[in-house]
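Enquirer: Next input, structure requested:
(2 chains)
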Number of protein chains: 2
Amino acid sequence: MNQDYIKPDNWSIIEEGFDASRVKSSESLFSIGNGAMGQRANFEETYTGDTFQGSYIAGVYYPDKTRVGWWKNGYPEYFAKVLNAPNWIGINVSVNGEALDLNTCKSVSDFKRELNMKEGWLSRTFKATLPNDVEVEVSVKRFLSLSLDEVGVINYEITPLNTDAEIIFEPYLDSGITNEDTNWDDKFWDTTAVKQNNNQAFVEAKTMKTNFHTCTFMESQVYLAGKQLALEPSVKSNDVKVSFNYANQVKQGETYSIHKFGGYIVDTNHDKTKLVEAATQVLKLATNKGFNVLLEDQKQAWANIWDMADITIDGDVKAQQGIRFNIFQLNQTYLGKDSRLNIGPKGFTGEKYGGSTYWDTEAYCIPFYMATKDQKVARTLLEYRYYHLDKAIENAGKLGFTNGAALYPMVTMNGEECHNEWEITFEEIHRNGAIAFAIFNYYRYTGDYSYIPEKGLEVLIGIARFWQQRATFSSDKNKYVILGVTGPNEYENNVNNNWYTNYLAKWCIDYALEQIEKVETEYTSDFNRINDKVKLTDDELEKWKAVADNMYFPYSEKHQVYLQQDGFLDKELISVEDLSKSERPINQKWSWDRILRSPYIKQADTLQGFYFFEDQFSDEELSRHFDFYEPFTVHESSLSPCVHSIQAAKLDRMDQAYTFYLRTSRLDLDDYNHEVHEGLHITSMAGTWMSIVEGFGGMRVKNNTLAFTPKIPKQWEGYSFKVNFRNQIIKITIEQNETNFELLSGNDLEILVNEKPVVLKSKNLSAVS
Amino acid sequence: MNQDYIKPDNWSIIEEGFDASRVKSSESLFSIGNGAMGQRANFEETYTGDTFQGSYIAGVYYPDKTRVGWWKNGYPEYFAKVLNAPNWIGINVSVNGEALDLNTCKSVSDFKRELNMKEGWLSRTFKATLPNDVEVEVSVKRFLSLSLDEVGVINYEITPLNTDAEIIFEPYLDSGITNEDTNWDDKFWDTTAVKQNNNQAFVEAKTMKTNFHTCTFMESQVYLAGKQLALEPSVKSNDVKVSFNYANQVKQGETYSIHKFGGYIVDTNHDKTKLVEAATQVLKLATNKGFNVLLEDQKQAWANIWDMADITIDGDVKAQQGIRFNIFQLNQTYLGKDSRLNIGPKGFTGEKYGGSTYWDTEAYCIPFYMATKDQKVARTLLEYRYYHLDKAIENAGKLGFTNGAALYPMVTMNGEECHNEWEITFEEIHRNGAIAFAIFNYYRYTGDYSYIPEKGLEVLIGIARFWQQRATFSSDKNKYVILGVTGPNEYENNVNNNWYTNYLAKWCIDYALEQIEKVETEYTSDFNRINDKVKLTDDELEKWKAVADNMYFPYSEKHQVYLQQDGFLDKELISVEDLSKSERPINQKWSWDRILRSPYIKQADTLQGFYFFEDQFSDEELSRHFDFYEPFTVHESSLSPCVHSIQAAKLDRMDQAYTFYLRTSRLDLDDYNHEVHEGLHITSMAGTWMSIVEGFGGMRVKNNTLAFTPKIPKQWEGYSFKVNFRNQIIKITIEQNETNFELLSGNDLEILVNEKPVVLKSKNLSAVS
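Expert: As a prediction, this is how the structure comes out:
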């Protein structure tokens, strides 16, 4: 926990005071991104202290050879890792020949870092005394442009405070970088050209193996006391690096500054033989606007995002800061502009989880994007999986499945599996269910059925085929069973009959059967096109039905609950409360075997099923399962508290819901799990949004009708959010004694509030007490 | 399968004809060793074809950093690997300036390789036409001396057949070698000195990290037409290599030959500052004897081994060759001279399994060594574990166990765990049981109780403590359960209540309790010494009893069998017979998850328990379990067929027993599992010995009495073996209609034959029909 380190503020993340031991954590917390690229909040100037350098380009990855002690058949050949890209933010600063380096300064004072979420920029100011006793004041502002998303801009200002001084800015590009997670100091970039031209420089580098061709570029302008200088820089370059040297005599109290424009051009969007030309063009656009105009554009772009996506919370600044941090980071990570991209669990803030796509997208992120963006963004996310269907079928084939059965990868960059723990890769197959569920959820929320006959049905068929083949018949139980799986609770591996997985499997088959019938009847030409390809037979569909109708669900008569898996009750059921705090987090204190045979649950598992399929269970059942499982849940996955917050709110356990809400929304800000230095938990941030909108707000769609059961934590005066429901914008404001619904666009809309119909009049405020 | 490639022969392994595609397989099959070192049958001269170079020094290993995708708490930091040691066998041969290389010769004829097991040497003869059209005849003989076990000797002879020729022998030492299993071309040796002196050379090198200091040495003598020459060789050397050049004009039909003496001096046996002196000394001993005297010594030493260890089989040369190959390789690997050494599953024949110690030693090898060597050899093997007890306690501590609980490593070089798959390292805990069982077995066979009060009891206590803590109470079953284990059948991972493991656990506790009582009563001073250290309390012993008395054993009423594990009956029970041959071996055809959820058994698991504890089960029970499990057993572990052969013989299923016998005894010779190129299966060779002695011969010890129930496969005319039982040598000869027992030493001995007492008179032949 890191409580109270980040200053509470409604719109900004603020750090005050320089603490070298927190540099890596703050580099994560102050990360910036624009959907196309992102970076950790590394310092521009040299920093010789402990740091984790990271700048990432969306979609650029490296297939690291899978290295395991003992190879197992079917292992993917590579583990995709997000690549630290060439450094373009670097500006060495020297003062009277001494490098400015916060790690070596005699003193640092008035250090303040601010991530302004409202306007989308990062700033840093400090005063420092260098080893040569020169005192300087530094002020830096940096952002990655939303309007020109290949460009980032820095304004770096320095003022000598106690003497005149010769100050040198040395902006540079450097492709001689490695990954933090590189075990063996491997290099992943092959630099092909280092060029410069006046104040511009370009480093062309391609990734090894994957051959992403990139051009990292920069251009700088220097100013003295606000007036641009026409300095001729001296240039240094080698095979991987180029730097310009802008030296100047600066009077005491006078400010010397540099505007550095930089970024990446990638051959995924440009002709790979013309990367430098493209970079020159984008630099021209950027420098023509200049730092200040780009900053104004940035504020406007973020204002547009916030207009739709903001959630306000009154009377609880930490809760407010938490939710905005979550919404901000989600939008920094993914904006839905590029169907080849997706949402990595750490976004652009670190390297863990390889920067790849997990089931987090379907289970957690899609609801957020559906409600806060145009519905085509969610559709684009669905299409990402559609385009990977062939690879999912190939992946299933490697594991012995046939006839078009599809197993989506647990982790992917391009549709191929790229994770290599057998207990995850081969066995955490419930991800297939989340992908089908997202199709159902998309239609339920948007009403856009067209996706299913056009694309979704093929995915549903591939997934249903997988489940039918994956289930096996137990003569002992006279039921279909699913053996050897890992459920969402990754603290159990290779278990039999994980209830969540079995339930999803049955649901997927039933849903696919329904949709086949509907498409066949109502979209016959689509059906024929699809069936020409997939060749369904009655015989096959009978097999699907047999599995779905005779699926086994482990149940305890004694506890009146579905069992998370067959062996759950054999465990020593000691609740988390009775576990010494010194033993936690168990993933840092216990060996793996001990975790596996313990009853402790990393994240919602049975309760995740109750969340997806809540209409199929009574509140009484939910309550019983919540009471049974929550006491064993250690929430060591970031994806756990949000589901618990929603379920607690549903059960009117508002104190618990509020505690879980804080835990999910401030997970990184308060560093609950002691790991923020590795990066932020981006995908769970969408869960935070759900905790408010679906949890406290109680938003659901029932029979094509938007429904709310508004509740409010006692700690709050009020909160508000907007949702885009089928292209109509509704603003909901919930206070302790009143809920207001405002229809901001479209025709009159009937919604349900606490199960009663209410008609929202166009542009009129409807109040319900 | 590789049937009929190796020529059937009673005493030799013979290959005829040169087949480049079989070079790696034959390098394994013709491996030589002397307990202190061993090597694959690599060619002395250059070979540019596909080869797997390996020369290994007993006890010299390297702690390779554990590399796994995702770290799990408690992982060992290293994976010990056996190290390919500097090459001392190399002799480059050039003929008129052309290198002799079987890969480039125009033709190779009359190629014959022989591993003479009776006398302990390897030979190779061939004729070849070099690219320069010179025809040569080559004859090489090599052995690793049993009498001087730091030394190996080569006699390399070459005769130009169609012309006079200048022939150069270039014997060399080379420490610039790598391991076959090196992923990243890492070097493991740091060469510190390369020295030469007259015809001698020395390369001093130490292993990185482990700092084993070694001196590899050589000395050569050259002969022309049988007469030693006093050539002054020219010398070349660099940082890692030294070679001598012995050039000579050789007339057509004349034989030029070299005797090369080489080997290793290691600081485990010598002062590390005086390795060259030690090497000089041993070279002096060796060269004073010369090649021919050393060869005579070798024959005598092997004659002594065979005198005790041989098994003869009449009327079935393949079976005879198989068993002798097994006995020979076991003796090449381990002779019981050094308590720091043990028996790696591949001995000195390859790198897989890291060359380390597994439970194979206790479960399979100890019976062989007990019966064919002085009983102190088996005691030495037990002591190996005793000396590792502290590390086993430390290892258990890393996994959360306390109070002196000991978990022996799955794989070790020095007592530390050095394997890194969690499902093996953390969960294949039954190894602890085999180590306790070996103590029981040693006393049962040798009658030497002294080991238990002196050393064994401490081991038994540490192991019992582990089991008591590892079992947990299931309120659901009202029994103690053992969750999350991998049994001997490694085709199931992380299962609950593996019957074998549960049974062993209970047995270990019961046996430890018995021995505590016995030692306390009969060896009170030993007990007090031990208890001062381990501090047993009544309270603790009560806990042990509670676990042992209330252990859960999964059982199927329907099938009337103990279940291999809780979930076994949920599997699709399709027998191996009904599985398409194209699917096998499943470890090469199926993905891991599919194997895990299949019913297929890699090696005896429940049946292994029936083997260890046969007195506790009726033949009818054995038969039922055999019939239930064997049909699912794929025998993809080398350790499987031997146990099945013994059990089948016990059940009088002689045809099955014979088939399993051939499979175990010729596993490598006929390459059943398509992997002999990786090395030989050394430890399972002891299982082959058991198949004959315990299986067909039916040897047991019952109440301190040696017992036999002799049977004979119909394919054999007769077979014979000797055993050392409590320092008396008994020879057993079994023919189709008669069994003869001969007591070769000691006083009259009463044995049981088919449960009836028979007295063997000293030096007299006793016949039983």
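
Enquirer: isn't residue A:263 right up against residue A:142?
Expert: No: using CB atoms under 8 Å as the test, residue A:263 is too far from residue A:142 to be in contact (11.8 Å). Every residue, glycine included, has its C-beta placed from N, CA and C.

Enquirer: Neighbour count for the two, which is higher?
Expert: The neighbour comparison of residue A:263 against residue A:142 (other CB atoms under 10 Å in any protein chain shown) goes to residue A:263, with 27 against 21.

Enquirer: any idea how far that one is from chain B?
Expert: Between residue A:263 and chain B the computed distance is 32 Å (CB to the nearest CB, to the nearest Å).

Enquirer: quick one: pLDDT of that residue?
Expert: Residue A:263 is assigned 98 on the pLDDT scale.

Enquirer: list the contacts for the residue lying closest to it once chain neighbours are set aside?
Expert: Spatial nearest neighbour of residue A:263, excluding adjacent residues (CB to CB, 6 or more residues apart in numbering or on different chains): residue A:151 at 4.4 Å. Going by CB atoms under 8 Å, 6 or more residues apart in numbering or on different chains, residue A:151 touches A:144, A:145, A:261, A:262, A:263, A:282, A:283, A:285, A:286, A:294.

Enquirer: Likewise for residue A:131?
Expert: A:98, A:104, A:105, A:106.

Enquirer: Averaged pLDDT, stretch A:742-752. What do you get?
Expert: Mean predicted lDDT for stretch A:742-752 stands at 94.

Enquirer: Contacts for it, please.
Expert: A:702, A:705-708, A:722, A:725, A:727-733, A:741, A:757-766.

Enquirer: And these, which of them are buried?
Expert: Neighbour counting with 16 or more other CB atoms under 10 Å in any protein chain shown marks A:706-708, A:722, A:725, A:728, A:730, A:732-733, A:741, A:758, A:760, A:766 as buried within the contacts of stretch A:742-752.

Enquirer: Let's have these in JSON lines, adding distance to chain B.
Expert: Below are the buried ones among the contacts of stretch A:742-752 laid out as JSON lines (distance: CB to the nearest CB, whole Å):
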{"residue": "A:706", "distance to chain B": "41"}
{"residue": "A:707", "distance to chain B": "40"}
{"residue": "A:708", "distance to chain B": "41"}
{"residue": "A:722", "distance to chain B": "40"}
{"residue": "A:725", "distance to chain B": "40"}
{"residue": "A:728", "distance to chain B": "45"}
{"residue": "A:730", "distance to chain B": "43"}
{"residue": "A:732", "distance to chain B": "41"}
{"residue": "A:733", "distance to chain B": "45"}
{"residue": "A:741", "distance to chain B": "47"}
{"residue": "A:758", "distance to chain B": "49"}
{"residue": "A:760", "distance to chain B": "49"}
{"residue": "A:766", "distance to chain B": "51"}
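
Enquirer: check which helix or strand covers residue A:382.
Expert: Following DSSP states H and E, one finds residue A:382 within helix A:375-387.

Enquirer: What residues of that helix count as buried?
Expert: Buried residues in helix A:375-387 (16+ other CB under 10 Å): A:375, A:377, A:378, A:379, A:380, A:381, A:382, A:383, A:384, A:385, A:386.

Enquirer: can you tell me which residues contact the first one?
Expert: Taking CB under 8 Å, 6+ apart as the definition of contact, the neighbours of residue A:375 are A:446, A:448, A:724, A:726, A:727.

Enquirer: ok, what's across the strand from the third one?
Expert: Right, residue A:724. residue A:729 (DSSP bridges).

Enquirer: from what I can see it touches residue A:369, true?
Expert: No: using CB under 8 Å as the test, residue A:724 is too far from residue A:369 to be in contact (9.9 Å).
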